[in-house]
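Novice: test case, fold it:
(one chain, ligands or ions: 2)
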Amino acid sequence: TRSTRPQRLLRAVQKKAIKGDPQSVISTIDYFCRHSEWAMNVGDEKGVILDSVVCEVSPSTALELGTYCGYSTVRIARLLPPGTKLITLEFNPDYAAVARQIIEYSGLQDKICLVEGASGDLIPKMQELFGIKTFDFVFLDHWKDRYLPDIKLLEECQLLRKGSILLADNVICPGTPDYLEYVRNSPRYESKYFKSHLEYTKVEDGLEKSVFLG
Ligand SMILES: O=C(NC/C=C/[C@H]1O[C@@H](Sc2ccncc2)[C@H](O)[C@@H]1O)c1cc([N+](=O)[O-])cc(O)c1O
Ligand SMILES: [Mg+2]
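Specialist: Ligands and ions are numbered 1, 2, ... in the order given. So this is what the prediction gives:
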């Protein structure tokens, strides 16, 4: 049977990227998605905004919802201070299998913990599974209708602290209207929109950065 797009993306990384070099893995994926096949990675333009927020927060504990092929996982992990771990949750086992190989190829496997399962089931287990008290940084890039329920779950599980940073992809395209309305109107968040473009296109999209106020 025909290979899947994530498998073709992985093959391009194994063929063209330098093993152990996260930047070359990132550049190879961006080139492949621009010139061969579009894929739903956060991409290079929004990726620069993601990089700047990760560097600013310099998190000790970080969570990513929606690994897909591991592009943003590698982008985030390459900037984490030594000794810190990025926990990334992925629901689809086929995507997880590709992401594990891309993460390993980048050489960042010691900074990343990929957990297969649904965020709704796994978030309540973060304390017991990883001894996590709170997350300094959360990147949301999974099913768009899960953004709002999942941050409410993070609040309920007391996994956010005063100053925790949430960064959400695709708040314009495909769009997460209920999430945006919540973080922009809740007294518990201070929110800011970073205008950009949908990965590898000229369509408007952006990232929403929200600080939990406790
Ligand atoms: O649909 C999009 N993203 C959904 C991503 C979903 C990813 O997260 C899990 S779901 C999950 C993971 C963990 N827990 C629960 C569910 C899926 O298996 C996939 O790996 C999207 C679409 C476009 N676009 O242009 O159409 C652009 C983008 O940047 C996007 O992110
Ligand atoms: Mg996205």
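
Novice: what helix or strand is residue 32 on?
Specialist: Assessed by DSSP states H and E, residue 32 sits inside helix 22-35.

Novice: is ligand 2 contacted by that helix?
Specialist: No. Applying CB under 5 Å from the ion, one finds helix 22-35 separated from ligand 2 by no less than 12.2 Å. Backbone N, C-alpha and C define where each C-beta goes, glycine included.

Novice: use 38 as the first number from now on
Specialist: With 38 as the first residue, the last one maps to helix 59-72.

Novice: elements contacting that helix?
Specialist: If contacts are counted by 3 or more CB pairs under 8 Å, 6 or more residues apart in numbering; DSSP states H and E, helix 59-72 sits against helix 42-53, helix 80-94, helix 108-114, helix 130-143.

Novice: with respect to burial, which of those scores highest?
Specialist: helix 108-114 (a mean of 27; mean count of other CB atoms under 10 Å).

Novice: contact partners of that helix?
Specialist: With contacts defined as CB atoms under 8 Å, 6 or more residues apart in numbering, helix 108-114 is touched by 59, 62-63, 66, 78-80, 84, 87-88, 91, 99, 101, 104, 123, 125, 136, 139-140, 143, 145, 148-149, 151, 176, 178, 206.

Novice: just to revisit the earlier point, tell me the mean pLDDT for the helix holding residue 69?
Specialist: When pLDDT is averaged along helix 59-72, the result is 98.

Novice: what separates it from the chain centre, distance-wise?
Specialist: Helix 59-72 sits 16 Å away from the centroid of its parent chain (CA atoms, centre = their mean, to the nearest Å).

Novice: any chance you could list what contacts stretch 212-224?
Specialist: Taking CB under 8 Å, 6+ apart as the rule, stretch 212-224 contacts 177, 181-182, 184-185, 188, 203, 205, 207-208, 226, 228, 245, 247, 250.

Novice: and the helix or strand hosting residue 152 with ligand 1, contact?
Specialist: Residue 152 belongs to strand 149-153 when elements are defined using DSSP H and E. No. Legend: contact between strand 149-153 and ligand 1 by CB under 6 Å from any ligand atom is lacking; minimum distance shown is 9.0 Å.

Novice: what helices or strands is that strand leaning on?
Specialist: So strand 149-153, by 3+ CB pairs under 8 Å, 6+ apart, packs with helix 108-114, strand 122-127, helix 130-143.
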